[in-house]
Structure formats: C-alpha cells, structure tokens
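S.K.: requesting a structural model of the entry that follows:
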Amino acid sequence: MRAAKWCAALSLVGLGVSSGVPADPPKEVMNIWRREDVKFVPSPIVPGAANAVISGDPKVPGQPYVVRNRFSPGTFSPPHFHPETRYIVHHPNQIHWDGAKDEEVIVQIMGIGPSATVRVDEAGKPKQ
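M.R.: Have a look, this model is predicted:
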C-alpha cells in the first residue's frame, strides 16, 4: 500500500499538482537518478566520450542493463557492431557509429547482457 501511495503522489507531481509529498520516495520504493548523480567514466578508446552504468551490469549474461554514453561535440565512436540487440534500437550485428555533431549528446541504451562492442575495419570486418 505504501508504494501505491508514492506512485499516486508521484503521478500528481508529474502532472504539476502539488500534494505536499516530498519529491523523493524512499530508496526501497524507487531509485531517482539526477544529472549530478550520474558518474561518467571517460572512454579508454574514444577521446571525448564517456559512459555510465545506470542499472545492472552489461557483462553479466541474462542481466538487463541500462547505460548512458556521453559524446562531446564533434566526437564519434569508430564503426562497430554489437552481437546483442540494444534497445534504442541497435539491431544485432549491424555496423554503426554513435556520436555528436554540434552539441553534447547523451545516448541511453538498454539491453540484456552480456554486451560486447566489436570494432570493424574499413571493409566491415571485425578488427583483431
């Protein structure tokens, strides 16, 4: 019942209706991630890119995960693919790249581990 009250209160707050309930529910009810709570780690491969694990662990088989990749302006990942489906939606085994042109971009990706990124050469063949 306690969780239902919080959900109802949060729904009202989301609609702009004040109910006098504090903005943050207890941690056992819901996790709230604010911009300042997200800890980005610089990419060892792509200068100007960083990532943060929001939930789960992309390395664990069968575990759902949520990650955010941040790209500074003018930053792009090298062409690559992922063997798993990623739900922004990157279809498995399809070569693509991510990045930002004129302003910072944050891409949120959801998937089910294990996650992998396979870089490819100019011919689209996996790099060794």
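S.K.: what is the burial count for His82?
M.R.: By the other Cβ atoms under 10 Å criterion, the neighbourhood of His82 contains 19 residues. Where you see a C-beta, it was placed from the backbone N, CA and C, and this is true even at glycine.
S.K.: so who does it touch?
M.R.: With contact taken as Cβ atoms under 8 Å, 6 or more residues apart in numbering, His82 is in contact with His90, Pro92, Asn93, Gly111, Ser115, Ala116, Thr117, Val118.
S.K.: let's see that with 7 Å instead.
M.R.: Under the criterion of Cβ atoms under 7 Å, 6 or more residues apart in numbering, the contact list for His82 reads His90, Pro92, Ser115, Ala116, Thr117.
S.K.: would you confirm that the third one contacts Glu84?
M.R.: This points to Ser115. Yes: with contacts counted by Cβ atoms under 7 Å, Ser115 reaches Glu84, the gap being 5.9 Å.
S.K.: these two: which is more packed in?
M.R.: Residue environment comparison for Ser115 versus Glu84 gives the larger neighbour count to Ser115, 19 against 16, counting by other Cβ under 10 Å.
S.K.: okay, the more buried one and Tyr87: tell me how far apart.
M.R.: The gap separating Ser115 from Tyr87 is 12 Å, by Cβ to Cβ, to the nearest Å.
S.K.: likewise Pro47?
M.R.: Spatial separation of Pro47 from Tyr87 under the definition Cβ to Cβ is 27 Å.
S.K.: of the two, which one has the most company?
M.R.: Set side by side, Pro47 and Tyr87 show more neighbours around Tyr87, with 13 against 9, by other Cβ under 10 Å.
S.K.: which residues touch the more buried one?
M.R.: Counting by Cβ under 7 Å, 6+ apart, Tyr87 touches Met110, Gly111.
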